[in-house]
Each structure stands twice: as structure tokens, then as C-alpha cells.
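In: Okay, sequence plus prediction incoming.
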Amino acid sequence: MLPVASLPKIAVSARGVARLKSGHVWVYRSDVTSADGIPAGSLVAVTDPRGKALGFALYSSSSQIAIRMLSHEPVADLAALMRQRIAAAIAYRKSIVRDTDAYRVIFSEADFLPGLIVDRYRDILSLQILTQATDADAVRETVISELIRQHSPAAVVERIDPRVRALETLPPRASGLVFGDKSATTFTMNGVRFHYDALEGQKTGAFLDQRENYAAAAQYAHGEALDVFCYQGGFALHLAGACQKVTGVDSSRQALEVADQNATLNKRDIEWIEGNAFDLLKDYSSSDHHYDTIVLDPPAFGKTKRDLDSALHGYKELNLRALKMLRQGGILVTCSCSYHVGQGHFVEMLASAAVDAHRTLRIIEVRGQAKDHPVLLNVPETAYLKCVISLVTR
Ligand code: SAH
């Protein structure tokens, strides 16, 4: 380990300084004033334009996010710091996670471990390594051995997103087991069981960030329910305990096959429809289909700030059609996982959809992501999920 004084120094502009002073932990490449010769993925000492120390960070030579702050204190031993932060992340989950054996164990910046995501699915840990710094052999080994030591999983699987590796100019790598030999299991959340296969499906296998929203939605759901963008049935399976009939819609046949296996696992009878949700809602809303509960949980529409208008347009179309189909006393559970669509935008969009649909809505709950996906107050990007539950009063 390098003595602190010999760490490479990286200077940031006045704008970069202001950003760090505001409590954010990223500095963009455009705000880095000198990084000549700094090795990719190294631990660096960050300074202001005059050379005054601001803290210690992990550096990426290729990402737009050049600097991810780690600590204001000198980092004498990176491995020890990582181990300590892994332990803190695990302890936080012990105190706040209930009713599940599947949850996010480490959420990158929000757990002060930038570039690292770890999810637990009962006895399997799923690991995502997202930056040059966390991909370095020494860091990987520390993380994996510490997760095994502290969590005693049957297996650890690494999930690769090839786009992330390309952005970080890291050599390609395949998803696969990095410890143990088990890659499939079943897990339980809120009493509902799910199949998990670490090496199939999308994302890390399930949308763990919706766990608390599933339980909330199930509290108000009734009658005939429609789960639009149902993936492997997260909402649908939770609604099945409260509703007479549940239908799930998704465009992915593969996701629906798992959804159906999940229904069997829970001894539930759910109808699955493979199709484009926009077409189906258009068709159903103009042909007298009615429901008592509708869930809308589309993929992120707005991936960048520029997409905001078109994203809001997409959300409004879905919400408008869903509202038209809801009976009086009906429940709308509407979600957005686009960070760029803020909660204010989202609620405004819903208000406008309600006016156009000639419905009066009473908001029952405005919710976010499950608590195992912590939100850091001064890092707005850590808050991305919105879930509004409302009641059609007229
Ligand atoms: N509600 C789910 C997560 C939804 S993720 C859960 O809680 O687990 C978004 C889903 O939308 C994906 O399963 C994807 O296959 C589906 N999807 C994307 N575009 C679609 C479209 N146009 N029509 C229907 N489904 C679509």
C-alpha cells in the first residue's frame, strides 16, 4: 500500500470544488483540470486548483464520472476501508430489512462503496463491479473474500454489463460464478416465493427495489387487477392474495415463463399476456375493459436529461389509459425508475393525466425505493424510483 503522501494528485476546477462542497461525491471529467499520467482506477488525492487537499477518491480514466470520492480522511489502507464499509453495509441491512431473504446488500455510492453493487438472493450473492477501481484485482479479491467471510453464501455470482465495461475501457468478461457452484435458488419476500437464476433473466434477476412497494400495493389492491410491465410477476404475485383475478402483461416471453413458474410455486392462478403494453392499453381502454387495480411499472424511459419531455409523454399516455379503465374506487399503482423524471414531474404528469381522463384521484402514498437501496441526501442520483398509489374517487 502506498503511503498517503505519494498518492497521485488530481486537481479539480472551482465547479468541481463546489460540487464536492455541496456534499456530492462525483466530479465529472470536464471539471478535472489535471490528471496527466494518473493510472486508470487508482486511489488519488483530490485537490482544489491551488493544491489544497479535498479528500481521497477513486479515479476512472475513461468514464464521464472521473472521480468518485471515498473519504475526507487519508486512506492508508484501501482494503481495510473496503472491509469496514462492507461490514457497515451488512449491519445496516440487519437493522432495516424485514420479511425477506432477498435484498440489496451494497448499493455503490449510497454505501460509500462507489462502483460496487451486491444483491442477496437467499444463499446466493450477486456482484456487479462497475468501475476501473473496483475491477482492480486487489479490490475484487478483497470484496469477494470479505463477502464470503461476512455473509457465508453458498455462491457468489458476478453479473457483467458489457456496456459498463466498455465505458470503463475494461476488457470484456463473462458473467459467471466467482465462488461456489450454485447459480439458482428460490427466495421469499413478503411471504411470496420467487425463482432466481443468477445466470439468466435480466438485471440481477429481480427488481428488489420494489419489494416494499409490492407489499404496499397489496394492501389496497382488490377486485380485478392488471399488472402492466409485469416482468417475472413481482406485483402480480403480491396482488394475487388480495384480488379475484390478476392479469400480467409484458413483452418478454422469457420473463413471462419465469412469471408462470413463480405463480405455480405460490399456487396462484394468474393470466399472463405477451404483448406491447402501449398497444394493449390503447386497445383495452377503447374497448370497454375495466379493472379495480392497475399497476404500471415501465422500464426507464428517460435515460438522459434530454429525454425528459418524451419520457413524460410516454408516462402520461400509459397513465391516462390506465385511469380510463379504472372503476370508481379503483387503485392505480404507478411507478417510474427514471432518475431524470423527478417526483415533482411525475406527480404533475399524473395530475394532468387525471384531468384528461376525467378522473379525480386521491393520493394514498407517494413512495420510493426499498430501504435496502439507500438514498444519500446530497447525491440525488441515488434516489431514482417513484411509486405513487392513488384511489379513483370519481
Ligand atoms: N414490475 C416488474 C419490473 C418491470 S421492468 C417487477 O416488479 O418485477 C420492465 C418490464 O417491461 C420488463 O420486463 C420488460 O420486458 C417490459 N417491457 C419493456 N417494454 C415493454 C413494452 N413496450 N410492452 C410490454 N412490456 C415491456
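Out: Everything's here; your move.
In: Name the residues of this structure found near the ligand, please.
Out: Taking Cβ under 6 Å from any ligand atom as the test, the list of the chain residues beside the ligand reads 207, 210, 229-232, 234-235, 250-252, 255, 276-278, 297-299. C-betas here are computed from N, CA, C, even on glycine.
In: From Phe207, how far off is the residue in the stretch 201-350 of the chain that the ligand sits nearest to?
Out: The ligand sits closest to Gly234 of the stretch 201-350 of the chain, with a gap of 2.9 Å, by Cβ to the nearest ligand atom. Going from Gly234 to Phe207 by Cβ to Cβ, to the nearest Å gives 6 Å.
In: Looking at these two now, which is surrounded by more residues?
Out: Gly234 (27 against 21; other Cβ atoms under 10 Å).
In: Distance check, that one against Lys282.
Out: 24 Å.
In: Name the nearest residue to the residue nearest the centre of the chain, ignoring sequence neighbours.
Out: Centroid check for the chain by Cα atoms, centre = their mean gives Asp209 as the closest residue, at 5.8 Å. Closest residue in space to Asp209, ignoring its immediate chain neighbours: Gln369 at 4.2 Å, by Cβ to Cβ, 6 or more residues apart in numbering.
In: Phi, psi for that neighbour please.
Out: phi -80, psi 160 (degrees, to the nearest 10).
In: For the stretch 101-250 of the chain, which segments are assigned as helices?
Out: 132-135, 137-151, 162-167, 211-220, 234-239 (DSSP state H, counting those that start in this stretch).
In: Those helices into CSV, with extra columns for mean pLDDT?
Out: Formatted as CSV, the helices of the stretch 101-250 of the chain follow (pLDDT from 0 to 100):
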stretch, mean pLDDT
helix 132-135, 97
helix 137-151, 96
helix 162-167, 94
helix 211-220, 98
helix 234-239, 98
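In: Which of those has the highest mean neighbour count?
Out: helix 234-239 (a mean of 29; mean count of other Cβ atoms under 10 Å).
In: Scan the protein for its longest strand.
Out: strand 326-336 (DSSP state E).
In: will you turn the helices of the stretch 101-250 of the chain into TSV that also has distance to Val12?
Out: Formatted as TSV, these follow (distance: least, Cβ to Cβ, whole Å):
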stretch	distance to Val12
helix 132-135	17
helix 137-151	23
helix 162-167	21
helix 211-220	37
helix 234-239	41
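In: Out of the ones you listed, the one nearest Asp356 is which?
Out: Nearest to Asp356, of all the helices of the stretch 101-250 of the chain, is helix 211-220, at 23.3 Å by Cβ to Cβ.
In: pull the CA atoms of the closest one into CSV?
Out: C-alpha atoms of helix 211-220 as CSV (Å, rounded to 0.1, in the frame of the first residue of the first chain):
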residue,chain,number,x,y,z
ARG,A,211,-40.1,-5.0,-2.5
GLU,A,212,-41.7,-2.6,-0.1
ASN,A,213,-44.0,-1.2,-2.9
TYR,A,214,-45.3,-4.7,-3.6
ALA,A,215,-46.4,-5.0,0.0
ALA,A,216,-47.9,-1.5,0.0
ALA,A,217,-49.8,-2.2,-3.3
ALA,A,218,-51.2,-5.4,-2.0
GLN,A,219,-52.7,-3.6,1.0
TYR,A,220,-55.0,-1.5,-1.3
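In: Compute the first-to-last residue distance for stretch 43-52.
Out: Stretch 43-52 stretches 17 Å from its first residue to its last (Cα to Cα, to the nearest Å).
In: Give me the neighbour count for the residue of the stretch 51-200 of the chain found nearest the ligand.
Out: Nearest residue of the stretch 51-200 of the chain to the ligand, counting by Cβ to the nearest ligand atom: Phe194, 9.2 Å away. By the measure other Cβ under 10 Å, the count of residues near Phe194 is 24.
In: For it, give the beta-bridge partners.
Out: Phe187 (DSSP bridges).
In: Touching, it and Gln232? I think so.
Out: Yes. Phe194 is within contact range of Gln232, at 6.9 Å (criterion: Cβ atoms under 8 Å).
In: any residues in contact with both of the two?
Out: By Cβ atoms under 8 Å, 6 or more residues apart in numbering, Phe194 and Gln232 have these common neighbours: Ala206, Asn262.
In: circling back to that earlier point, separation between the residue of the stretch 201-350 of the chain closest to the ligand and Asn262?
Out: With Cβ to Cβ as the criterion, Gly234 and Asn262 are 9 Å apart.
In: go on, Ile389?
Out: From Ile389 to Asn262 the distance is 23 Å (Cβ to Cβ).
In: ok, now Phe235?
Out: Computed as Cβ to Cβ, the Phe235 to Asn262 distance reads 12 Å.
In: same question, Ile270
Out: 9 Å.
In: tell me the average confidence for stretch 307-327?
Out: In this model, stretch 307-327 has a mean pLDDT of 96.
In: tell me which residues of it are tucked away?
Out: If you call a residue buried by 16 or more other Cβ atoms under 10 Å, then stretch 307-327 has these buried ones: 307-308, 311-312, 314-316, 318-326.
In: one step back: what do Gly234 and Asn262 both touch?
Out: Contacts common to Gly234 and Asn262, judged by Cβ under 8 Å, 6+ apart, are Phe194.
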